[in-house]
Every structure is written in structure tokens, then in C-alpha cells.
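Undergrad: just coords:
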């Protein structure tokens, strides 16, 4: 029997917490549910879950701060839950290191689909990674070089001027997507489809914030914005 995926769920509303926990457990997840950020951090450190679902507005240690603490210690995927599609909530959560977000009230099936999509892209090489591997199989270099930036597509490592660059799995997939077609403009919708595994329309702010986070790590001038169309990696 396959090992259950362990979800850390931090939510202060008792009704939402209990109902969501039951729904996730019915779908085969093992769930640790906590009512505040401090207990959530303790549970994360004790249990090392496979994914964390964090409500933005929880007491003790808010969800954004909790996400930052988790990201300081781990690259485990994080999905933020927000009671409103407020730009500030969304952007703060993504800037803190979250990989995706879901707006409350949410449909249980949608939440499960988003969890599975995040887990798929964390657990398997696909999208840009698969295309980079295909290029290597065809005889292309396994280490791609763009100026001072080196991308090892087999070892999944990145170096800038010889110094290792720590990327989250989502940032790595985004960079691999760009590096598979340097100089080619990739739209936000295309990146959502290939990197975030969205088979439906998604919020392009997810792409924008991740591109900005990636720029801070590999160089602000390495990825160009093509206004009205998307982004491209300088060849």
C-alpha cells in the first residue's frame, strides 16, 4: 500500500479546519490540523509534512510569517489560503515563498486538485525539466550556460558566477522552462500550464511574483519582460 501524503493544515476557524481535514482524509491524505501559526510551526518541525496549507489570517504567527519560517528551513511545497482574493494577501504570501494560493470559500475538489498539481510538479521532472532532459538525450549539453549562469539539467543545480544558487522546486521548474527555449517569449498562461500544471485559467500574479523571485537569485537582467506578451530568458 502506498504511503499516505502528509498534509499540514493551519486554520483557526474550527468549522473550516474540521470539515477540510475530513475532506482531505476521505481523499486519502494524512492530515495534521493546527489552529494557529505557532503550533503549526512546531508540527512542521516535528512531522516534516509533504505539503503545507496555511491560512493567511491565523493567530500567534500569521500564515505569511509562518511560510517564511518554513521556507527558511525547507523547500516543502506551500499553498496559502486566503479569505479574499486581495492583491496584498496574495502577493505577500507568494513573496514569502508560497508556491500557490487558493481563495476561500473553496470547493473541496478544487483544493484537492491544486494539492495534487503541486505535488506532481515537486515529485516528477516534467515541463521544462523534461524538455531539458530531451535536449540532453539528443546530444545537447547537460550544463546550460547563459553568461555567468550555469544550469545543470541532470543534477538539478544552478550556479551564478560559480556560486550555488538555492532555488525552490517551483523556481527550478520555471528556470528550466525558460532555459529550454532561450530568447523565446513565453506567455504567463503558457507558464501557468507548463510549470503550475493548470489545466484551467489561473491567476497570472503567481507567475509574476515567481519570476521576480527568480530574478533576485539569478540576476535581474537575465529575464526580460516583453510587455503585453510575457517573459523570455536572454539567450
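TA: Cool, the structure landed. What you are looking at is a predicted structure, and each value in this text was computed from that prediction instead of being measured.
Undergrad: surely residue 110 meets residue 102?
TA: Yes. Judged on CB atoms under 8 Å, residue 110 makes contact with residue 102 at a distance of 7.1 Å. C-beta: built from backbone N, CA, C; applies to glycine.
Undergrad: please say which of those two ends up with more neighbours.
TA: Higher neighbour count among residue 110 and residue 102: residue 102, with 17 against 12, using other CB atoms under 10 Å.
Undergrad: that's a helix at the more buried one, yeah?
TA: No. Using DSSP: H, G, I helix; E, B strand; the rest coil, the assignment for residue 102 is strand, not a helix.
Undergrad: could I get the contacting residues of it?
TA: Counting by CB atoms under 8 Å, 6 or more residues apart in numbering, residue 102 touches 79-82, 110-111, 114.
Undergrad: and of the residues you listed, the nearest to residue 177?
TA: Checking the contacts of residue 102 against residue 177 with CB to CB, the nearest one is residue 114 at 19.3 Å.
Undergrad: what separation do you get for that closest one and residue 167?
TA: The gap separating residue 114 from residue 167 is 21 Å, by CB to CB, to the nearest Å.
Undergrad: what about the longest helix in the chain?
TA: Looking across the chain with DSSP state H, the single longest helix is helix 108-123.
Undergrad: show me the chain divided up by domain.
TA: Per automatic domain parsing, the domain ranges recorded for the chain read 6-123, 128-233.
Undergrad: how far is the shortest one from where the chain is centred?
TA: This points to domain 128-233. 13 Å (CA atoms, centre = their mean, to the nearest Å).
Undergrad: likewise for the first one?
TA: The chain centroid and the centroid of domain 6-123 are separated by 12 Å, computed with CA atoms, centre = their mean.
Undergrad: what's the span of that domain, first residue to last?
TA: Domain 6-123 stretches 14 Å from its first residue to its last (CA to CA, to the nearest Å).
Undergrad: ok, then the element right after the lowest-mean-pLDDT helix or strand in the chain?
TA: Within the chain, no helix or strand scores below helix 128-137, which has a mean of 47 by mean pLDDT, DSSP states H and E. Using DSSP states H and E, the helix or strand that follows helix 128-137 in sequence is strand 143-146.
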